[in-house]
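Undergrad: Here's my sequence, what's the structure:
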Amino acid sequence: MAQQLGLALPSRPALGRDDFFVAPSNAIAAAMIDGWRTWAGRKLVLTGPAGSGKTHLTHVWATQSGARIIQARDLARADIPDLARSCVAVENVPLIADHPDAQTALFHLHNLVLAEGHSLLLTGTPPVARWQLTLPDLTSRMQAAGAVALEAPDDMLLTAVLAKLLADRQLTPKPDLIPYLLPRMDRSFAAAGDLVARLDSASLAQKKPVTRSLAVQVLDNRT
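TA: Residues are numbered from 1 along each chain as shown. Take a look at the predicted model:
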């Protein structure tokens, strides 16, 4: 694919199962998603740092199970009985720690989904013990769910994440770019996303391809 210059194309993340790179840091989580029919109690909590692949795996599971995906903060306005007619994925549950109406809605959704014989996936950044939910009955149900965590990336996974983020933005770097970035960037998924965004922005602003020399500028904050 030709390098895009001077045109701000939308980033379109590839969220299929074949687009999820399995490495030691995420292999257990990927296996749990693939084996969703055997979840204990038909529910699972998926946690991990920002950008670690929670949303990607959520979409993989939704494709496999026919689940509907909803943000936890939208639950207070949702039609809970309608949602409960299928499997459901609720993203970013810790963000409703200060929203009692959304917590009540999640409590009822949890009970209805399981009563209907469907499965429930819940995601959040910290471990479930640190979600700080204030509804005791909901807290007990979350803590009773099986849980799996996505871990911080190793070099192999971080290489794949950078390559995917660049591809999502329709950028085709030279082979020396990612090996140059790895030892010089913060080692997190969030940092990878921020770095690729800054490389893309600098590429567009300067009408230059994403190269090692451009990376030097971005890493030195000279753009």
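Undergrad: in this structure, which spans are helices?
TA: With DSSP state H, the ranges of helices along the chain come out as 27-34, 54-65, 80-83, 100-115, 136-143, 155-168, 177-181, 189-206, 212-219.
Undergrad: Quick one: closest of the ones you listed to residue 45.
TA: helix 136-143 (6.6 Å; C-beta to C-beta). Where you see a C-beta, it was placed from the backbone N, CA and C, and this is true even at glycine.
Undergrad: Rounded mean pLDDT for the closest one, please.
TA: Throughout helix 136-143, pLDDT has a mean value of 97.
Undergrad: out of the helices of the chain, which comes closest to residue 127?
TA: That would be helix 136-143 among those, by C-beta to C-beta, at 10.0 Å.
Undergrad: could you dump the helices of the chain to TSV with distance to residue 123 and mean neighbour count?
TA: Listed next are the helices of the chain as TSV, based on distance: least, C-beta to C-beta, whole Å; neighbours: other C-beta atoms under 10 Å:
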stretch	distance to residue 123	mean neighbour count
helix 27-34	11	17
helix 54-65	5	20
helix 80-83	16	15
helix 100-115	12	19
helix 136-143	11	16
helix 155-168	18	19
helix 177-181	28	18
helix 189-206	14	18
helix 212-219	30	17
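Undergrad: which residues touch residue 126?
TA: 47, 94 (C-beta atoms under 8 Å, 6 or more residues apart in numbering).
Undergrad: Okay then, goodbye and thanks.
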